[in-house]
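Student: Just to be clear, the model below is a prediction. Sequence and coordinates:
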Amino acid sequence: MSGFVEKPEPLQVPGLVHLHTGKVRDLYRNEAGDLVMVASDRISAYDWVLPTEIPDKGRVLTQLSLWWFDRLTDLAPNHVVSTDLPDGAPADWAGRTLVCQSLRMTPVECVARGYLTGSGLAEYEQTRTVCGLALPEGLVDGSELPAPIFTPATKAAVGDHDENVSYEEVARQVGAETAALLRRTTLDVYGRARDIARDRGIILADTKFEFGFDTEDRLVLADEVLTPDSSRFWPAASWEPGHAQPSYDKQYVRDWLTSSASGWDRASEQPPPELPGEVVDATRAKYLEAYELLTGTRW
């Protein structure tokens, strides 16, 4: 059992039709047919959307995505139409709302990995492969890969876990030409972002992208991009392969949930508890630190 501990009721806004409540974002359609994407302050861990929010998280994700979109347009156009607040929208939507193109979304998460950790490490330890791609012997948690790899995953519903799939499975689902375009664009965008982050003292270990096609059949970068929710960012100065790396994300939340302090058994069917204030504050600080280091501007 997993999903929302407490699923929020969508806000009713004149002129907007509510389409979907996701782990973090609420999706609406406006009268022009565009999508209105609102990033909440919700946070998820271990396939649960937790009952405690992280203040400003949705604005950090939105503003950091916009910063990255501006630096990637020559590699992939993006879905943003406007950042203007829709008429009648609540004031709290300011800074966390994007009006976006409606796209034909591809059915895969496009993941790029430059370093070995997470689910990739688990597979490597069993088979010396990641998504069917053979890797050298001797790699450990945090090892840099010989070259970045494309390791796609299925898109899961809220409460389910994304599953890694092979490139051949992607080609079967979307066709060989589209699969090749997704792989090439994913690795191109990852390479650009990795270099930008490295110049700011941050390792971009891995990240996931979502793509769709517009009415002219152009591949368009969608959803969020290169945020602490969709990426692993590590401080370069302390990088040391062989163990888990400190990261600019929700690791404080994961660590507390799996500690004795939370009293929560991850293997049980009980939902996780509220987060204590110090965990909320530390997690918010990590999101803001990532934003400020990458953009070079104060929050």
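Tutor: Good, I have the coordinates.
Student: which residue packs closest to V38, ignoring adjacent ones?
Tutor: Spatial nearest neighbour of V38, chain neighbours left out: D26 (4.6 Å); criterion: CB to CB, 6 or more residues apart in numbering. All C-beta spots, glycine's among them, are computed from the backbone N, C-alpha and C.
Student: Could you verify that the one you found is part of a helix?
Tutor: No: assignment of D26 by DSSP: H, G, I helix; E, B strand; the rest coil gives strand, placing it outside any helix.
Student: Who are the contact partners of it?
Tutor: 10-11, 18, 20, 37-38, 40 (CB atoms under 8 Å, 6 or more residues apart in numbering).
Student: Closest to E216 out of these?
Tutor: Nearest to E216 among the contacts of D26, counting by CB to CB, is M37 at 21.3 Å.
Student: can you pull the contacts of the closest one?
Tutor: So M37 contacts 25-28, 97-100, 223 (CB under 8 Å, 6+ apart).
Student: strands paired with the helix or strand where it lies, and their directions?
Tutor: Element membership for M37 (DSSP states H and E) is strand 35-39. When pairing is defined by DSSP bridges, strand 35-39 lines up against strand 25-29 (antiparallel), strand 97-100 (antiparallel).
Student: longest strand anywhere in the chain?
Tutor: strand 202-213 (DSSP state E).
Student: Quick check: buried residues in it?
Tutor: For strand 202-213, burial by neighbour count (16 or more other CB atoms under 10 Å) applies to 202-212.
Student: Let me have those residues in JSON lines, extended by distance to V49 and pLDDT.
Tutor: Putting the buried residues of strand 202-213 into JSON lines (distance: CB to CB, whole Å; pLDDT from 0 to 100) gives the following:
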{"residue": "I202", "distance to V49": "27", "pLDDT": "97"}
{"residue": "I203", "distance to V49": "28", "pLDDT": "98"}
{"residue": "L204", "distance to V49": "25", "pLDDT": "98"}
{"residue": "A205", "distance to V49": "24", "pLDDT": "97"}
{"residue": "D206", "distance to V49": "22", "pLDDT": "97"}
{"residue": "T207", "distance to V49": "21", "pLDDT": "97"}
{"residue": "K208", "distance to V49": "18", "pLDDT": "96"}
{"residue": "F209", "distance to V49": "22", "pLDDT": "98"}
{"residue": "E210", "distance to V49": "19", "pLDDT": "97"}
{"residue": "F211", "distance to V49": "24", "pLDDT": "98"}
{"residue": "G212", "distance to V49": "24", "pLDDT": "98"}
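Student: can you dump the C-alpha coordinates of the strand holding M37 into CSV?
Tutor: Taking Å, rounded to 0.1, in the frame of the first residue of the first chain, the C-alpha atoms of strand 35-39 are listed here in CSV:
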residue,chain,number,x,y,z
LEU,A,35,-2.1,23.0,-19.6
VAL,A,36,-1.7,24.9,-16.3
MET,A,37,0.9,23.2,-14.1
VAL,A,38,1.0,24.1,-10.4
ALA,A,39,3.9,22.9,-8.3
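Student: Give the next helix or strand downstream of that strand.
Tutor: Proceeding N to C from strand 35-39, the next assigned helix or strand is strand 44-45, under DSSP H and E.
Student: hmm, who's touching that next one?
Tutor: In this structure, residues lying in contact with strand 44-45 by CB under 8 Å, 6+ apart are 23-24, 50, 250, 253-254, 257, 272.
Student: of all these, which comes closest to H79?
Tutor: Distance to H79, by CB to CB, is smallest for V24 among those, at 16.5 Å.
Student: can you give me the helices for the stretch 51-200 of the chain?
Tutor: Here the stretch 51-200 of the chain has its helices, by DSSP state H, counting those that start in this stretch, at 57-70, 118-127, 167-174, 176-199.
Student: Give me the helix or strand of the protein that scores worst on average pLDDT.
Tutor: Every helix and strand in the chain was compared by mean pLDDT, DSSP states H and E; the lowest is strand 153-154, with a mean of 88.
Student: what's the spacing between that strand and its chain's center?
Tutor: Relative to its chain's centre, strand 153-154 lies at 13 Å (CA atoms, centre = their mean, to the nearest Å).
Student: what comes into contact with that strand?
Tutor: Applying CB under 8 Å, 6+ apart, the external contacts of strand 153-154 come out as 107-109, 111, 162-165, 208.
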